[in-house]
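Participant: Give me a model of this one.
(chains A and B)
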Amino acid sequence: ETGVTQTPRHLVMGMTNKKSLKCEQHLGHNAMYWYKQSAKKPLELMFVYSLEERVENNSVPSRFSPECPNSSHLFLHLHTLQPEDSALYLCASSQRTGDAEAFFGQGTRLTVV
Amino acid sequence: GENVEQHPSTLSVQEGDSAVIKCTYSDSASNYFPWYKQELGKRPQLIIDIRSNVGEKKDQRIAVTLNKTAKHFSLHITETQPEDSAVYFCAAIPSSGGYQKVTFGTGTKLQVIP
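Facilitator: Numbering: from 1, shown residues only, chains lettered A, B, ... in the order given. Below is the predicted model:
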């Protein structure tokens, strides 16, 4: 294990549901990220938190809402999603937002029905 | 913004042969280039990286080369083994911004045939 844990591993939700993805890191890192991985597309950076402050929001629809209560935890709150939001959502952390290695979680496979 | 192109999208090689995956980037401000390996159902993991002040880096059977002038970098895997089968991603990161400004390639699915 690399120290970045995501739950749940799989999630099926309806378009009217509200759910949350959780990410936890025990590496002492101070930057955390949410990525979206869709088939045949590059990894898309969604949000970046550095020292619990959001420093990047890559034009992500408001139906995705991140939360970083402390440097070890990161959430992605989901509501009124669309089928095209179905993807693997990966959390990552790094020592800083520079060029340090990013450690990824195993991802949450999300299916919107 | 940065644009990273990765080729090929799929690659099949016989066990023991070499595999080469190429990436090109557009932004000359990019100066850090990591490569990630993602096995089926698992997380992406960094396998090797290179910075712009270096032309080549090797780690056992894996090497990465960088041509700053041409803005391309390549991953070389020699003596491939079945456990090398995975999806490989390249990335380009600028000195200012780090992973906030990362751009990933689309990935290469490598299959090593025993």
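
Participant: What parts of chain B come near chain A?
Facilitator: Neighbours of chain A within chain B, by CB under 8 Å from any CB of the partner chain: B:4, B:9, B:32, B:34, B:36, B:41-46, B:49, B:51, B:89, B:93, B:95, B:97-100, B:102-107. Every C-beta, even on glycine, is put in place using the N, C-alpha and C of the backbone.

Participant: does any bit of stretch A:74-84 sit next to chain B?
Facilitator: No. Stretch A:74-84 is not in contact with chain B by CB under 8 Å from any CB; minimum separation 13.9 Å.

Participant: Quick check on the residues of chain B next to chain A: which are buried?
Facilitator: B:4, B:32, B:34, B:36, B:43-45, B:49, B:89, B:93, B:97-100, B:102-107 (16 or more other CB atoms under 10 Å in any protein chain shown).

Participant: Return the distance of the worst-scoring helix or strand of chain B on mean pLDDT from the chain's centre.
Facilitator: None of the helices or strands of chain B scores lower by mean pLDDT, DSSP states H and E than strand B:103-104, at a mean of 90. Averaged C-alpha coordinates place strand B:103-104 at 11 Å from its chain's average position (CA atoms, centre = their mean, to the nearest Å).

Participant: dump the residue contacts of B:A63.
Facilitator: For B:A63, the contact set (CB atoms under 8 Å, 6 or more residues apart in numbering or on different chains) comprises B:48, B:56-57, B:75-76, B:78.

Participant: List the residues that contact A:A31.
Facilitator: With CB under 8 Å, 6+ apart, A:A31 has these contacts: A:48-51, A:93-97, B:98-99.

Participant: Then B:P8?
Facilitator: Each residue near B:P8 by CB under 8 Å, 6+ apart is listed here: B:21, B:108.

Participant: Least confident of the contacts of A:A31?
Facilitator: Model confidence across the contacts of A:A31 bottoms out at A:T97, which has 62.

Participant: The spatially most central residue of chain A sits in which helix or strand?
Facilitator: Nearest residue to the geometric centre of chain A (CA atoms, centre = their mean): A:W34, 3.0 Å. Assessed by DSSP states H and E, A:W34 sits inside strand A:31-37.
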